[in-house]
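[1] Fold the following.
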Amino acid sequence: MINVIIGTKAELIKMSPVMRELQKRKVEYNYIDTSQHSQTTSKFRKDFQVKEPDAQIGGEKNITTLMQGAGWAVKTAARLFDLKVLKEKKGLSLVIGDTATTFLGAYCSKAQGLKVGHIEAGLRSFNYLHPFPEELIRLWVSKVSDYMFAPYAWAFNNLEKYPGKRFNTRYNTILDTIRYSLKKNRKPKGLPKKYCMITTHRFETIFNRKRLEKILGFVEQAAEQVPAVFVMHEPTRKRLIKYKLLSRVEKNENISIAPLMHYFEWIQAEKNAEFMMIDGGSIQEESYYINTPCCLLRNATERREGLGENVLISGLDGKKISGFLENYKSLKRKPIKAKFSPSSFIVGKILEMEKEWS
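    Sure thing, here's the model as predicted:
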């Protein structure tokens, strides 16, 4: 039996085309939701046409604080070990990315004798602290994975020293999700005619007042040029309140604070934006596939999508960001014309190897 273990919004977004492909081929699988972002994922499942979880082992609220995360991790590990489907000693567990769910899903599956398949394998920043703890999770999961699905050649080559079988899927599965989402043509409401998109939520950003305040300065600089839509995550809002910085954003007439959007609306908003200033790796990938100029508010990235084309790693360097704001219209790349589906490729390979894991 195949087990699909996910828990965050990003994991569902990227794994949903794989799950739909399994359903399309009438392949049975167990969907295990660790409830890291349960409030959000519960709303998305119907829209992404994936089934309800066979096992939901967390709570009903999104994890938004470190204390909540610590308690959730301990409970989730215990419940994963107790799941009957993970005690069968045969089967394959699929995990994706670099989250706490990725680590716990791989660890608990491997400890109980199951094979592990890691989707989006081989990404590296080569810096243990940026991003933290994601880089450590990626390294460890590569060591224990039996099957590693890398999104492109650079990531594939990073996996050469590991014992598991490796495959180059050519693109990230998020490409299939973007194609699916754009077909829905669900346009967000209330956005200016011309705007830039802002969002920041990473641990190393929001838990560092000096860094977050510096980023706000760059956001204000961008908003002087193009009206800014700041899509705000709840943890970001809480830290801005704690640091007494939220009012600074609210009082700026050129910045509009927006709640998190449905993914179909978010993709349309990204597509139509003048540019984006973000700190998320998945959004970097999205910007590449939809060809929107993107300023990455980080020192390093584990992803290669868009670098040297439509994506700039700013390093929070004022000169680089000023240069981006002056020249963003020139940051475009050639569109992807291939109809190749990475999700279909992954499922095909899994079924080819069924005798190894069943």
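
[2] and the closest residue to T41 other than its chain neighbours, how many neighbours does it have?
    Nearest non-adjacent residue to T41, counting by Cβ to Cβ, 6 or more residues apart in numbering: L12, 4.9 Å away. C-beta coordinates here come from the backbone N, C-alpha and C atoms, glycine included. As a burial measure, L12 scores 25 neighbours (other Cβ atoms under 10 Å).

[3] so is L12 in a helix, a strand, or just coil?
    Three-state assignment for L12 (DSSP: H, G, I helix; E, B strand; the rest coil): helix.

[4] I'd assumed R45 was in contact with it.
    Yes - in this structure L12 lies within contact range of R45 using Cβ atoms under 8 Å: 7.3 Å.

[5] low-scoring pLDDT stretches of the stretch 1-150 of the chain, where are they?
    In the predicted model of the stretch 1-150 of the chain, residues 37-38, 58-74, 81, 85, 87 satisfy pLDDT under 70.

[6] now the strands for it?
    2-6, 29-33, 55-56, 92-96, 115-119, 147-150 (DSSP state E, counting those that start in this stretch).

[7] Would you mind giving the ones you listed as JSON lines with distance to F132 and mean neighbour count added?
    Output for the strands of the stretch 1-150 of the chain, formatted as JSON lines (distance: least, Cβ to Cβ, whole Å; neighbours: other Cβ atoms under 10 Å):
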{"stretch": "strand 2-6", "distance to F132": "21", "mean neighbour count": "27"}
{"stretch": "strand 29-33", "distance to F132": "25", "mean neighbour count": "22"}
{"stretch": "strand 55-56", "distance to F132": "28", "mean neighbour count": "18"}
{"stretch": "strand 92-96", "distance to F132": "19", "mean neighbour count": "27"}
{"stretch": "strand 115-119", "distance to F132": "19", "mean neighbour count": "26"}
{"stretch": "strand 147-150", "distance to F132": "22", "mean neighbour count": "25"}
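
[8] which stretch among these comes nearest M261?
    strand 2-6 (20.4 Å; Cβ to Cβ).

[9] Mind giving me the packing neighbours of the closest one?
    Where contact means 3 or more Cβ pairs under 8 Å, 6 or more residues apart in numbering; DSSP states H and E, strand 2-6 is packed against helix 9-24, strand 29-33, strand 92-96, helix 100-111.

[10] the inter-axis angle of the second one versus helix 9-24?
    Between strand 29-33 and helix 9-24, the angle formed by their directions is 160 degrees, by axes from the mean of the first three to the mean of the last three Cα atoms, to 10 degrees.

[11] residues in contact with strand 29-33?
    1-7, 19, 22, 41, 50-58, 80, 83, 85, 105 (Cβ atoms under 8 Å, 6 or more residues apart in numbering).

[12] I'd like to check the angle between that strand and strand 2-6, please.
    20 degrees.

[13] circling back: would you mind measuring from the residue nearest to T41 to G122?
    21 Å (Cβ to Cβ, to the nearest Å).

[14] re earlier: and L331, which of the strands of the stretch 1-150 of the chain is closest to it?
    Closest among those, using Cβ to Cβ: strand 147-150, at 25.7 Å.

[15] Given the closest one, what are its sheet partners and their directions?
    strand 115-119 (parallel), strand 165-168 (parallel) (DSSP bridges).

[16] And the longest one, how far out from the chain middle?
    Centre-to-centre, strand 115-119 and its host chain are 17 Å apart (Cα atoms, centre = their mean, to the nearest Å).

[17] Which residues does that strand contact?
    14-15, 18, 91-97, 102, 106, 109-110, 141-142, 144-149, 164, 173, 346, 350, 356-357.

[18] Would you map the strands across the stretch 151-300 of the chain?
    In the stretch 151-300 of the chain, the segments counted as strands under DSSP E, counting those that start in this stretch are 165-168, 196-199, 228-231, 255-258, 276-278, 294-296.

[19] want to throw those strands into TSV with distance to L325 and mean neighbour count?
    Listed next are those as TSV, based on distance: least, Cβ to Cβ, whole Å; neighbours: other Cβ under 10 Å:
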stretch	distance to L325	mean neighbour count
strand 165-168	36	19
strand 196-199	9	25
strand 228-231	11	24
strand 255-258	15	18
strand 276-278	9	27
strand 294-296	8	27
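
[20] and F218, which of those strands is closest to it?
    When those are compared by Cβ to Cβ, strand 276-278 sits nearest F218, at 6.7 Å.

[21] counting contacts, what elements does that closest one pack onto?
    Using 3+ Cβ pairs under 8 Å, 6+ apart, strand 276-278 sits against strand 196-199, helix 209-225, helix 281-290, strand 294-296.
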